[in-house]
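Participant: what follows is a protein structure lacking sequence information:
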């Protein structure tokens, strides 16, 4: 109890300094939580686009981005005939724009695609999509909202005008904020012969290895990966995740420096008091514990404040119309735990030098000059 | 617990043997071969002008510093030779300083409990001990008061309570009344002597005040790092 009082009293003596340190950690935690959640959410949503109703994906080998992948229609047609394959759905990814919305993801799909087949239709139907003319599109619900479109109306997209023949609701933000075109219309629009990827559902999951080797043998320019394998290995995802953690890490490092500065000042301004603790029988370990205790308290307070700030920031991002459909702001408990743990470790690391300094204080020297 | 008067048959609990101490790579010599002995329960005053080495000698005996030459033995064992100094500071020695050296913002009770916390004494036991000492020093009504609210005399009495918390056998007092007015100084000193006597503690006190020193069992005169007279 008195141990805790010693820690609290010292923090309370320098309220402003303590508050600044807590704020430093809080902003770092909030930044890390926000950046990582947004980017991981985006990656997660993009991954789930690929795994929609499928378990494998086939795309052009060695492309830096799926938007640049080109899988020939002939390949899709042949793969669909293989006995081990249940579905082989071509998907063409493209980016289109409209007034005020420079980036809208476009999906060129067939009516057999799970997105269309299993969609929750707010208006229109899969049958209408199957029979649709070249200038028809189906919009995700969010896309319809921000484009101000409804079924039967025309919307300007890119350099063309398209008739909205249906609106679907999906759980995936990218899809919900996207435009769905019949595959052939998309091929024409994006000047592409085939598709970006083929999503594959096998009759038996155990045939994964067989399927991979068959693709490799028949189409050396293509590669087949399981969805989870793709998410792990896709360089864009790796870069995004690494960037998120690096930015967050830098933020935390800055927060840690703030704690280190506070703890150094805390030790330097009470050298005499530490000497008195030593005279009263405090061991090195007990003295270090008071310093680490202070830093742990500052870090904990900062981490908790940061979680609240980060939560508010994510909530605010969710409400930004321009980000609708692109930002998944669900905070993962595991991420929260990691961020808090990192904040605590940073705080403790910041107290290492001050604690070592405090342990080296010679009582006789500190007390010699009264 | 009343003690008997110390006799020459009592064991020497403090022994300084030909102790030398200098600072700044030997350019400032503070102690020049000091020899000193104090017996169990004895009250010894260490008098002398400022800078003669009184505080340095107390620091060496209290294990806060090491001599350059010579040896310091406390309770029969030499300091600094594999001795557990943390245990020594917690259980064998109590310190009182001129400037009470209490922790600001803590209460009188919390300050006094610091040695007990360091030693891991059970709280109920520590509070019982503090109750005894606060009663003896007349501070019972000030236990929950912050140090800043106490007078100079009360602060020094708090420092005495804190020094005696873990029942040390030796009390080292460095000008314990130096920052107090004459009247308060006399009250605090009497209390200190009385407590040292009833607790059977060996008191080694550095002081300028010869009037107070005269009330001790022995007075040692220090000059230029030597003990000149022992009376």
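Facilitator: Yep, it's here. Values in this document were obtained by computation on a predicted structure and should not be read as measured data. Numbers count the residues shown, from 1 in each chain, chains lettered A, B, ... in the order given.

Participant: residue ranges for the strands of chain B, please.
Facilitator: When secondary structure is read from DSSP state E, chain B shows strands at B:12-23, B:28-39, B:43-47, B:69-74, B:77-78, B:93-96, B:170-174, B:202-207, B:218-223, B:226-230.

Participant: out of those, which is closest to chain A?
Facilitator: strand B:93-96 (5.0 Å; CB to the nearest CB). All C-beta atoms are positioned from the backbone trio N, CA, C, and that covers glycine.

Participant: may I see the buried residues of the closest one?
Facilitator: B:93-96 (16 or more other CB atoms under 10 Å in any protein chain shown).

Participant: ok, now which ones touch the residue of chain A found nearest chain B?
Facilitator: Of all residues in chain A, the one sitting closest to chain B is residue A:281 (3.3 Å; CB to the nearest CB). Residue A:281 sits next to B:86, B:89-91, B:115, B:118-119, B:166 when contact means CB atoms under 8 Å, 6 or more residues apart in numbering or on different chains.

Participant: okay, those in JSON lines with distance to residue B:157 next?
Facilitator: Converted to JSON lines, those look like this (distance: CB to CB, whole Å):
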{"residue": "B:86", "distance to residue B:157": "27"}
{"residue": "B:89", "distance to residue B:157": "22"}
{"residue": "B:90", "distance to residue B:157": "22"}
{"residue": "B:91", "distance to residue B:157": "22"}
{"residue": "B:115", "distance to residue B:157": "16"}
{"residue": "B:118", "distance to residue B:157": "21"}
{"residue": "B:119", "distance to residue B:157": "21"}
{"residue": "B:166", "distance to residue B:157": "17"}
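
Participant: buried ones among the residues you listed?
Facilitator: B:86, B:89-91, B:115, B:118-119, B:166.

Participant: which one of those residues is nearest residue A:48?
Facilitator: residue B:118 (58.1 Å; CB to CB).

Participant: pLDDT score assigned to that closest one?
Facilitator: pLDDT, residue B:118: 93.

Participant: and the residue nearest to it when sequence neighbours are not counted, how far from residue A:121?
Facilitator: In space, and not counting its chain neighbours, residue B:118 is closest to residue A:281: 3.6 Å by CB to CB, 6 or more residues apart in numbering or on different chains. As defined by CB to CB, to the nearest Å, residue A:281 lies at a distance of 77 Å from residue A:121.

Participant: quick one: low-confidence ranges for chain A?
Facilitator: Within chain A, the stretches with pLDDT under 70 are A:321-328, A:368-370.

Participant: got the residues of it near chain B?
Facilitator: A:1-3, A:5-6, A:9, A:12-13, A:272-273, A:276-283, A:286, A:362-364, A:367-368, A:370 (CB under 8 Å from any CB of the partner chain).

Participant: what number of residues lie near residue 197?
Facilitator: In the absence of a named chain, chain A is used. By other CB atoms under 10 Å in any protein chain shown, 25 other residues sit near residue A:197.

Participant: my bad, the chain I had in mind was chain B
Facilitator: With neighbours defined by other CB under 10 Å, the count for residue B:197 comes to 17.

Participant: ok, now residue A:23?
Facilitator: Neighbours around residue A:23, by other CB under 10 Å: 17.

Participant: which elements pack onto the longest helix anywhere in chain B?
Facilitator: Across chain B, the longest stretch assigned as helix under DSSP state H is helix B:182-198. Packing partners of helix B:182-198 (3 or more CB pairs under 8 Å, 6 or more residues apart in numbering or on different chains; DSSP states H and E): strand B:43-47, helix B:123-137, helix B:152-164, strand B:170-174, strand B:202-207, helix B:210-213.

Participant: work out for me the element the most centrally placed residue in chain A sits within.
Facilitator: What sits nearest the mean C-alpha location of chain A, by CA atoms, centre = their mean, is residue A:40, with 1.4 Å. Taking DSSP states H and E as the criterion, residue A:40 maps to helix A:15-50.

Participant: can you pull the buried residues of that helix?
Facilitator: Buried-residue list, helix A:15-50, by 16+ other CB under 10 Å: A:17-18, A:21-50.

Participant: ok, now stretch A:246-263?
Facilitator: Quick answer for stretch A:246-263 (16+ other CB under 10 Å): A:247-248, A:251-252, A:255-256, A:258-263.

Participant: from these, which land in helices?
Facilitator: Filtering these for helices - DSSP H - leaves A:247-248, A:251-252, A:255-256, A:258-263.

Participant: I'd like those as CSV, with distance to residue A:63 appended.
Facilitator: Formatted as CSV, these follow (distance: CB to CB, whole Å):
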residue, distance to residue A:63
A:247, 27
A:248, 29
A:251, 33
A:252, 35
A:255, 39
A:256, 40
A:258, 44
A:259, 45
A:260, 45
A:261, 47
A:262, 49
A:263, 50
